[in-house]
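**Student:** Structure, please.
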Amino acid sequence: MKRHLLAVLAAAAALSLAACASPGAGASPAESEPTASEQPGGFPRVIEVPAGASGAASELRLEAAPESIAALDYESAEVVAALGLADRLVLVPEAVTNPALGGHLEEMAAVPHTIPVAMELDAETVIELQPDLVIMSPRHGAETTIGSVLLSAGVPSLLLPESWTDIESVSVNVGLIGEATGADDEAAALQGELESGLSADPGSSSSSSPRVLVLTNQAGRPFVTAGAAFPLELLELAGARSASDDLGIEITGPISVEQIVQADPDGILLIDMNGSGDRLFAEMLGNPAVAALPGAGSTLLVQGREVQALGLTATVDGLAKLKEWVGGLG
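**Tutor:** Purely as a prediction, here's the structure:
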C-alpha cells in the first residue's frame, strides 16, 4: 500500500511539474497562458482562503473550473449540489444520501463514490480518483492528515477555514466554494437567502429564556449536542438556551439519565440524524426519573437537515419550527 501511494504521489508530482513547464518554442504566449477573460467563468483564478481552524491564510490557484470534485464533508457536498454542480461530484460522504440529512437525494445517489466519514478516509483513495478539486472542512482534523498529503501530491484542495458551526462560518464557506467552482452568482444568492432567513430577532435569547436540552441519535445511542454546534445557534435564534451549558458539557457526546435529570430542561429537542425517528431516544426518555421531569413532556422531533448546517435553506423552515415550539415552553 505504501509503495503504491508513493507511486501515486510521484505521478502527481510529475504532472504538477509538467503543468508548470515553460511552453515549447513553437507555442505562443496566448496559446500557453490563457488569460482569465479567455476562460469560462473567469479562470484561471486565485482563491484567497482566510486563516482559521484549518491553519494560516493561504491561496489556491485554479487554472480552470473544476469538472471533477471530491467533497469530503457533508456540508461541502450539499453546497456543491445547491450551486447546481452535483453532476461534477465524484466523491461524497454516504450520509448525504440519507433522507433525514440530505437535500439532494437523487443527485447524490448518482455520485460514483461515497465514504463513511472523512476521518476514516485515506488520501490514496482521493488521489486515485484524480479530482480537479477537493473540498474539506477542519471538523475531524483531516486537514492536517489527508489535506497535507493532497497538497504535497499537487491535488488542488480547498481547505475551508472553519467548520460549519454558525451562520458566519457557513456563509464564508459557501462563498469560498462558489469562488472555487466558478459558481459565484449562485453562491451569493445562497448566502443572501441564508443570512436573511436566519436573522436574529431583537432580544431573541436571554438569561430568562427557556432551557432546552438538544439530543441527537448517533452511534446507536442518544448524544447531547454541546459546544460550538449549528443546532445550538438556531436554538438561540429561536429564543432558547442550551441546557448543556449548565451541565458544563463542552463537546457533543453520550449523555446519561443522571445528567438529563440534573439538567432538568424546560424542553428536549430530538434531532434525527439517521432516519430512525425517536426510536433510539425512547428508552432514555421513558426512564421514570426522566419522565417525571416537567420538561420531559415538551419534546420536538426534527430531521437533521432542518437544524444542521448541511440542510442549508431547509434550516430556515427549521428555525421557524423551533421558534413556534420554543414559544410554547415554560
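**Student:** Roughly how far does the residue nearest the centre of the chain sit from Glu195?
**Tutor:** In the chain, the C-alpha nearest the mean C-alpha coordinate belongs to Glu75, at 2.8 Å (CA atoms, centre = their mean). Using CB to CB, to the nearest Å, Glu75 is found at 16 Å from Glu195. Quick note: C-beta positions are derived from backbone N, CA and C, even for glycine.
**Student:** hang on, the earlier thing: quick one: contacts for the residue nearest to the centre of the chain?
**Tutor:** 137, 164, 170, 173, 309-310 (CB atoms under 8 Å, 6 or more residues apart in numbering).
**Student:** mind listing the strands for the stretch 101-250 of the chain?
**Tutor:** 113-115, 133-136, 157-159, 211-218, 221-224, 241-242 (DSSP state E, counting those that start in this stretch).
**Student:** Against which helices or strands is the third one packed?
**Tutor:** Put plainly, it is strand 157-159. strand 45-49, strand 58-62, strand 133-136, helix 146-152, helix 167-181 (3 or more CB pairs under 8 Å, 6 or more residues apart in numbering; DSSP states H and E).
**Student:** cutoff 7 Å now
**Tutor:** Counting contacts by 3 or more CB pairs under 7 Å, 6 or more residues apart in numbering; DSSP states H and E, strand 157-159 packs against strand 133-136, helix 146-152.
**Student:** In terms of mean pLDDT, which of the ones you listed ranks lowest?
**Tutor:** The weakest mean pLDDT among the helices and strands packed on strand 157-159 belongs to helix 146-152, with a mean of 87.
**Student:** Check which residues of that one are buried.
**Tutor:** Within helix 146-152, the residues scored as buried using 16 or more other CB atoms under 10 Å are 146-147, 149-151.
**Student:** of all those residues, which comes closest to Leu232?
**Tutor:** Using CB to CB, Gly147 is the member of the buried residues of helix 146-152 that sits closest to Leu232, with 26.7 Å.
**Student:** Make sure the closest one is actually in contact with Leu159.
**Tutor:** Yes - the criterion here is CB atoms under 7 Å, and Gly147 meets it with Leu159 at 5.2 Å.
**Student:** Determine how far the last residue of stretch 62-82 lies from the first.
**Tutor:** Distance across stretch 62-82, first residue to last, is 21 Å (CA to CA, to the nearest Å).
**Student:** what comes up buried for it?
**Tutor:** Of the residues in stretch 62-82, 62, 65-66, 69-82 count as buried by neighbour count, 16+ other CB under 10 Å.
**Student:** Among those, which are located in helices?
**Tutor:** Using DSSP state H, the members of the buried residues of stretch 62-82 that fall in helices are 74-82.
**Student:** so where is the stretch 151-300 of the chain shaky, pLDDT-wise?
**Tutor:** Along the stretch 151-300 of the chain, the model assigns pLDDT under 70 to residues 201-207.
**Student:** what are the ranges of the helices in it?
**Tutor:** Assigned by DSSP state H, counting those that start in this stretch, the helices in the stretch 151-300 of the chain fall at 167-181, 184-197, 230-237, 257-263, 279-286, 288-291.
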